[in-house]
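Student: here is my input; please provide its structure:
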Amino acid sequence: MLKQCLCGSWNISKIWEKNQKDFVSCRDCGLTFIYPIPKVEEIVSTYSEYLKDYEHDKGYLEDRKNGAKRLRTIF
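Tutor: Here you go, the predicted model:
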């Protein structure tokens, strides 16, 4: 699979690997990201423990899920 940055560049270098995911950095804009992009469920399960402080805001996690889904439709 090819790795392309959000800026459109293909000039990507692998920084490290963890849990079968590559952490890569764009040599043009400097953005660092995980590839392949995690599924929405993975993101929510990973960060839900950290988001407990926001439980008072009903819909906070749902907003994050919807935002991640919108991003996945772009890519």
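Student: could you list the low-pLDDT ranges of this structure?
Tutor: The chain contains residues with pLDDT under 70 at 1-2, 51-75.
Student: okay, and the beta partners of K14?
Tutor: On the basis of DSSP bridges, K14 is bridged to V24.
Student: contacts only, for it.
Tutor: Applying C-beta atoms under 8 Å, 6 or more residues apart in numbering, one finds that K14 lies in contact with D22, F23, V24. (Each C-beta comes from the backbone N, C-alpha and C, glycine too.)
Student: from D22, how far out is it?
Tutor: With the distance defined as C-beta to C-beta, to the nearest Å, K14 ends up 5 Å from D22.
Student: count of neighbours near V40?
Tutor: Residues lying near V40 (other C-beta atoms under 10 Å) number 16.
Student: now it: how far from T46?
Tutor: Counting by C-beta to C-beta - V40 and T46 are separated by 11 Å.
Student: which of the contacts of K14 are buried?
Tutor: D22, V24 (16 or more other C-beta atoms under 10 Å).
Student: so which of the contacts of K14 is the closest to L6?
Tutor: V24 (11.8 Å; C-beta to C-beta).
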